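Asks: predicted model follows, preceded by the sequence.
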Amino acid sequence: MDAQNELYHALLSVNRPAATKLLLETVADWTPAARIEKLITPVMRRIGDEWESGQVSLAQNYMSGLICDDLVGAILPATGRATKNHPPLAIVTLEDHHSLGRKIVSSFVRLAGFDLLDYGPGVTVEDLLVKLKRDGIKILLISALMLRAAFRVRDLVALARAEGLAVKVIVGGAPFIFDGQLWQDVGADAMASTASEAVSVVERMAREIK
Amino acid sequence: MNSLQRVLTALGQKEPDRVPFFLLVTMHGAKELGLSIKDYFSRAENVVAGQLRMREKYRHDCLYNFFYAALEVESWGGEVVYFDDGPPNSGVPLISRPEDINKIRPPRVREVPCLQKVLQAHEMAKARVGDEVMIIGVVMSPFSLPVMQMGFDKYIEIMCERRDLFDQLLRMNEEFCVEWANAQLEAGATAICYFDPLSSPAIVSRDLYLATGFEIARRTIGRFKGPAAIHMASGNCLPIIDDLAQTGTVAVGVSVFEDLAAVKTAARGRFAVLGNLNGIEMRRWTPEQAEAAVKDAIAKAGPGGGFILSDNHGEIPCQVPDDVLMAISEAVHKWGKYPLHWLGEAPHEG
């Protein structure tokens, strides 16, 4: 079995010791960049694609991201992991405390080479505006589980515009998936149905902003 | 045929006089009574009055004494956050670190005021409608409740990597769920809706489901002193439909993302299907779109009985306007009368 397949199966079976052994011992002679770019990134892309097509469950998707996130931290402990020059980027769970979507997208975006600030769960629109201004965020990923939280995006976008903040808003989460028009109704710039799609949208927006 | 007879006939895989439908509105009653959502849920009388008015207005076939999903977490001591424009939501998780599972104890149903309100609502509803209408009680499945008890992410982590803590929490949840369901049945609920979105193959793989949610559902439902229907709360179910048939469920709530006809065919003779109108999209439907959606669902799942029309999530958002709910009701009464001659089919014998 080649290294990619080995990692893929270790992740889907949530076999953290096997994934750790592979990344830290079996391919120890690979450079950190090679381990990330030639092993972790393509395997996570495959898992993301298979989640999108229904072959992989949310639990497998989340745990794969979590394990890889930890392993990248172990591979690159000192230098940090951001490998791309990009506009300031942040992610948040708006108002409620359901963090899973935010964490999955965070893992995928970070593993794709972006550095992003994680504002965590339960953040109100008012608090979020303060953070966006403070950190000069240009791309904001918002995860929402409840319909009412999705509607708060509309308030955020209106207030951000009123204050002259040039921030692009990408939304995701159950309400946006069940109503494909909702992201436009609340004034977001884009939506992403999956973590892989979020990465693609972030890459596109980062290019446009530059 | 009264509403309960209509529903029981459909559950028995036969065609009643018309397609039964459950309008699972939990918050519209507050608006109807001129109350805030928080005030509405503060008293059993309000919820029963709201449910009775909804049924009178929309002529649907159940009373849905479901307050809000976070109620069970509240009974365990968790935080509940109220909003004016949505259901009360669970706040900061009760279990902040997995090790906290060792410290918590399940509530006793008879000792918790928020659960008592629900039991009172069942008693009052039963006194009003007797055996004419199905009164639905609700429980969160022991397997799905931890999403609110500790957060989705932490729960998946213990499910995959800390099975000792997972087993410990699920044992407590199972005992609580059985006690809670049976208390509701004793208070007057006709049947229990067992919300179990975590068991959906979109959330956990079938292998993991068979080792966890499936066994839990089979054990738990087997201890209920009345019928139960598993609701996937928007989650898909087709890949595990044969497994669901072995849990003892009498019906399954189906996702809008699944082919209702395919689910109906796969479930036929084993359990009824409930669904699957898109409650999120419903907020912007026109009455014509509502009628078309109802017709489409009836065409796919109505023939032969074994079908109850409903939304796909088990809770219609308060943003859905009354004229859409009315259009759904009128469409069911217009297109749901058996036999469904407009489909060009001969009547089914059940």
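Replies: In hand now; what should we look at? Numbers count the residues shown, from 1 in each chain, chains lettered A, B, ... in the order given.

Asks: ok, and the closest non-adjacent residue to the residue of chain A found nearest chain B?
Replies: Chain A approaches chain B most closely through residue A:148 (3.1 Å), counting by Cβ to the nearest Cβ. For the C-beta atoms, the positions are set from N, CA and C on the backbone; glycine is no exception. Nearest non-adjacent residue to residue A:148, counting by Cβ to Cβ, 6 or more residues apart in numbering or on different chains: residue B:86, 3.1 Å away.

Asks: ok, now residue B:340?
Replies: residue B:302 (5.5 Å).

Asks: ok, now which ones touch residue B:158?
Replies: B:98, B:101, B:150, B:165, B:166, B:169 (Cβ atoms under 8 Å, 6 or more residues apart in numbering or on different chains).

Asks: show me what the longest helix that chain A contains is packed against.
Replies: When chain A is scanned for its longest helix (criterion: DSSP state H), the result is helix A:58-75. Secondary-structure packing of helix A:58-75 (3 or more Cβ pairs under 8 Å, 6 or more residues apart in numbering or on different chains; DSSP states H and E): helix A:3-12, helix A:16-21, helix A:41-52, helix A:100-111, helix B:152-161.

Asks: so the fourth one versus helix B:152-161, what angle?
Replies: So that's helix A:100-111. 80 degrees (axes from the mean of the first three to the mean of the last three Cα atoms, to 10 degrees).

Asks: report the closest residue of chain B relative to chain A.
Replies: For chain B, Cβ to the nearest Cβ, closest residue to chain A: residue B:86, 3.1 Å.

Asks: ok, that residue - contacts?
Replies: Here residue B:86 is in contact with A:146, A:147, A:148, A:149, B:27, B:37, B:317, B:318 (Cβ under 8 Å, 6+ apart).

Asks: now do residue B:305
Replies: B:9, B:10, B:12, B:13, B:14, B:15, B:16, B:272, B:338, B:348, B:350.

Asks: need those residues in JSON lines (columns: distance to residue A:132, neighbour count and secondary structure).
Replies: Shown next, in JSON lines, are the contacts of residue B:305 (distance: Cβ to Cβ, whole Å; neighbours: other Cβ atoms under 10 Å in any protein chain shown; DSSP: H, G, I helix; E, B strand; the rest coil):
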{"residue": "B:9", "distance to residue A:132": "57", "neighbour count": "19", "secondary structure": "helix"}
{"residue": "B:10", "distance to residue A:132": "52", "neighbour count": "29", "secondary structure": "helix"}
{"residue": "B:12", "distance to residue A:132": "57", "neighbour count": "13", "secondary structure": "coil"}
{"residue": "B:13", "distance to residue A:132": "56", "neighbour count": "18", "secondary structure": "coil"}
{"residue": "B:14", "distance to residue A:132": "58", "neighbour count": "15", "secondary structure": "coil"}
{"residue": "B:15", "distance to residue A:132": "57", "neighbour count": "21", "secondary structure": "coil"}
{"residue": "B:16", "distance to residue A:132": "56", "neighbour count": "22", "secondary structure": "coil"}
{"residue": "B:272", "distance to residue A:132": "49", "neighbour count": "23", "secondary structure": "strand"}
{"residue": "B:338", "distance to residue A:132": "57", "neighbour count": "20", "secondary structure": "coil"}
{"residue": "B:348", "distance to residue A:132": "59", "neighbour count": "16", "secondary structure": "coil"}
{"residue": "B:350", "distance to residue A:132": "60", "neighbour count": "13", "secondary structure": "coil"}
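
Asks: ok, residue 114 - how many residues close by?
Replies: I went with chain A, as the question did not name one. Using other Cβ atoms under 10 Å in any protein chain shown, residue A:114 has 21 neighbouring residues.

Asks: wait, chain B was what I had in mind.
Replies: 18.

Asks: pretty sure it is in a helix, no?
Replies: Yes - Residue B:114 forms part of a helix when assessed by DSSP: H, G, I helix; E, B strand; the rest coil.

Asks: for it, which non-adjacent residue is closest in space?
Replies: Per Cβ to Cβ, 6+ apart, closest to residue B:114 is residue B:74, 5.0 Å.

Asks: run through who's touching the worst-scoring helix or strand of chain A on mean pLDDT.
Replies: Within chain A, no helix or strand scores below helix A:32-35, which has a mean of 86 by mean pLDDT, DSSP states H and E. The contact list for helix A:32-35 (Cβ under 8 Å, 6+ apart) reads A:23, A:27, A:75, A:76, A:83.

Asks: could you chop chain A up by domain?
Replies: Domain ranges of chain A: A:3-75, A:89-209, per automatic domain parsing.

Asks: which one of those domains is the most hemmed in?
Replies: domain A:89-209 (a mean of 20; mean count of other Cβ atoms under 10 Å in any protein chain shown).

Asks: pLDDT averaged over that domain - what is it?
Replies: For domain A:89-209, mean pLDDT is 93.
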